[in-house]
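J.: Mind folding the following:
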Amino acid sequence: MKVLVADTLAKEGLELLKKETELTYDEKITPEALKEKVKDFDALLVRGRTKVTKEVIEAGKKLKAIGRAGIGVDNIDVKTATARKIPVVNAPRSSTISVAEQAFGLMLCLARDIPRADHTMKAGKWEKKGFEGIELNGKTLGFIGIGRIGYEVGVRAKAFGMKLIAYDPYIKQEILDPIGCKLVKTLDEVLAVADYITIHSLLTDETRGMVGKAQFDKMKKGVRIINCARGAIIQEKALVEALKSGKVAGAGLDVFEPEPPAPDSELVKLPNVVCTPHIAANTQEAQVSAGITTAEQIIKVLKGSKPDFVVNGEIYK
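T.: Numbering: from 1, shown residues only. This is a model prediction of the structure:
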């Protein structure tokens with residue numbers, strides 16, 4: 001069983017693969033080299049850097065499994081993998097807490113303007129009057145999508161005394177009852193009342209660009225936006241205009257479209273934007289969990305067992 005790991009992976013995941021398979025580790029492989037090299041392997045494991053395109057999958061004549069050490073699989077052509085009956089496995093629970101904590105951290109930064117206050121202090125200034133913040137307590141936090149990560153954000157928001165409301169057509173109210181979150185039937189219901197909006201949807205054809213000018217127009221003036229999901233869910237031009245007009249008081253962003261943003265990105269340079277370079281899942285704990293979980297799933301497939309976490313489960317029907 002030959003496995004190619006084409007991105008950085010936690011040593012714990014690599015050690016597991018070494019024990020069970022013939023491992024090749026090339027975390028800096030180029031797209032051109034990958035298309036040539038993949039033809040000799042039974043499985044390919046990546047994170048977010050490497051693109052597993054249709055051409056890569058077609059070149060991997062021996063491929064029996066593709067693994068993503070993380071949650072999102074938008075860098076993998078799942079359709080092509082499915083057509084070839086190749087299971088795409090991932091680690092959907094590995095970074096839940098890490099991403100939830102990042103989202104909540106961005107929310108706190110927006111509420112108290114922490115990054116800018118730090119910057120002025122380091123510049124030798126003492127500008128107390130310019131940093132009047134707002135409390136999270138009593139504010140309404142609206143969720144666009146509320147899966148595992150969103151739920152954990154809700155746990156933390158409840159502890160801060162926030163009111164919770166969510167739009168997610170794929171979840172039931174009873175799942176959200178423990179955190180006191182109200183599930184509504186339309187996105188507009190969230191947009192109309194939320195003081196903060198946090199996005200936790202997967203990027204699909206349905207969610208791509210789902211937050212644009214029409215949605216910003218329906219939001220409360222002074223709303224704050226947090227996005228640790230995927231940049232393409234928000235229409236960037238519309239967000240920039242909403243931030244400049246004051247309709248959106250601030251945005252906390254860990255994801256962008258494209259990544260990295262262009263050097264002259266107006267969005268990144270706005271003073272009311274707090275941004276980080278897609279690091280929400282980048283904690284020691286999350287990376288170890290993702291590495292081990294994905295390695296386990298790859299090994300299961302190669303040994304002829306059905307994996308626990310498979311994105312294209314229809315191939316087993």
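
J.: Compute the number of surrounding residues for K213.
T.: Using other CB atoms under 10 Å, K213 has 14 neighbouring residues. Every residue, glycine included, has its C-beta placed from N, CA and C.

J.: tell me the secondary structure for the spatially most central residue of the chain?
T.: The centre of the chain sits closest to A229, judged by CA atoms, centre = their mean, with a distance of 3.5 Å. Here A229 takes the coil state, with states given by DSSP: H, G, I helix; E, B strand; the rest coil.

J.: Other residues contacting stretch 119-133?
T.: 111-113, 116-117 (CB atoms under 8 Å, 6 or more residues apart in numbering).

J.: Could you dump these into a markdown table with neighbour count added?
T.: Converted to a markdown table, the contacts of stretch 119-133 look like this (neighbours: other CB atoms under 10 Å):
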| residue | neighbour count |
| --- | --- |
| A111 | 20 |
| R112 | 16 |
| D113 | 20 |
| R116 | 16 |
| A117 | 17 |
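
J.: out of those residues, which are inside helices?
T.: 111-112, 116-117 (DSSP state H).

J.: quick one: which of those residues is nearest to P307?
T.: Proximity of the ones in helices among the contacts of stretch 119-133 to P307 (CB to CB) peaks at A111, which lies at 40.8 Å.

J.: What segments of the stretch 101-250 of the chain are helices?
T.: Using DSSP state H, counting those that start in this stretch, the helices assigned to the stretch 101-250 of the chain run over residues 114-122, 148-159, 173-176, 187-193, 213-218, 236-245.

J.: from the chain's centre, how far out does the longest one sit?
T.: By that I understand helix 148-159. In this view, helix 148-159 has its centroid 15 Å away from the chain centroid, taken as CA atoms, centre = their mean, to the nearest Å.

J.: Give me the contacts around it.
T.: Applying CB under 8 Å, 6+ apart, the set of residues contacting helix 148-159 is 92-93, 95-97, 99-101, 103-104, 107, 136, 141, 143, 146, 164, 166, 168, 175-176, 179-181, 198, 200, 228.

J.: Please name the nearest non-neighbouring residue to the residue nearest to the centre of the chain.
T.: Counting by CB to CB, 6 or more residues apart in numbering, A229 lies nearest to I199, which is 4.7 Å off, once chain neighbours are set aside.

J.: Identify the bridge partners of that neighbour.
T.: Counting by DSSP bridges, I199 forms beta bridges with I144, N227.

J.: Would you mark the buried spots in the longest helix seen in the chain?
T.: Ranked by residue count under DSSP H, the longest helix found in the chain is helix 284-302. For helix 284-302, a neighbour-count test (16 or more other CB atoms under 10 Å) marks 286-302 as buried.

J.: go on, stretch 234-241?
T.: Neighbour-count burial for stretch 234-241 flags 234-236, 238-240 (criterion: 16+ other CB under 10 Å).

J.: just to revisit the earlier point, now tabulate the helices of the stretch 101-250 of the chain in CSV and tack on mean pLDDT and distance to N282.
T.: Below are the helices of the stretch 101-250 of the chain laid out as CSV (pLDDT from 0 to 100; distance: least, CB to CB, whole Å):
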stretch, mean pLDDT, distance to N282
helix 114-122, 95, 18
helix 148-159, 97, 14
helix 173-176, 97, 28
helix 187-193, 98, 28
helix 213-218, 98, 29
helix 236-245, 98, 23
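
J.: Tell me which of the ones you listed lies nearest to I71.
T.: Nearest of the helices of the stretch 101-250 of the chain (CB to CB): helix 148-159, 8.2 Å.

J.: Could you double-check that L253 sits in contact with N227?
T.: Yes - with contact defined as CB atoms under 8 Å, L253 and N227 form a contacting pair (5.2 Å).

J.: Any stretches of the stretch 51-200 of the chain with poor pLDDT?
T.: Low-confidence segments of the stretch 51-200 of the chain, defined by pLDDT under 70: none present.

J.: Try it again at 90.
T.: 71-72, 74, 129-130 (pLDDT under 90).

J.: how about the strands in it?
T.: Per DSSP state E, counting those that start in this stretch, the stretch 51-200 of the chain carries strands over the ranges 65-68, 88-90, 140-144, 163-167, 181-184, 196-199.

J.: how many other residues sit next to K39?
T.: Using other CB under 10 Å, K39 has 13 neighbouring residues.

J.: What is the nearest of the ones in helices among the contacts of stretch 119-133 to T8?
T.: Using CB to CB, the ones in helices among the contacts of stretch 119-133 come closest to T8 at R116, 32.1 Å.

J.: How about the contacts made by that closest one?
T.: R116 touches 131, 271, counting by CB under 8 Å, 6+ apart.

J.: For it, give its distance to E101.
T.: Distance of R116 to E101, given as CB to CB, to the nearest Å: 21 Å.

J.: Right, I'll leave it there.
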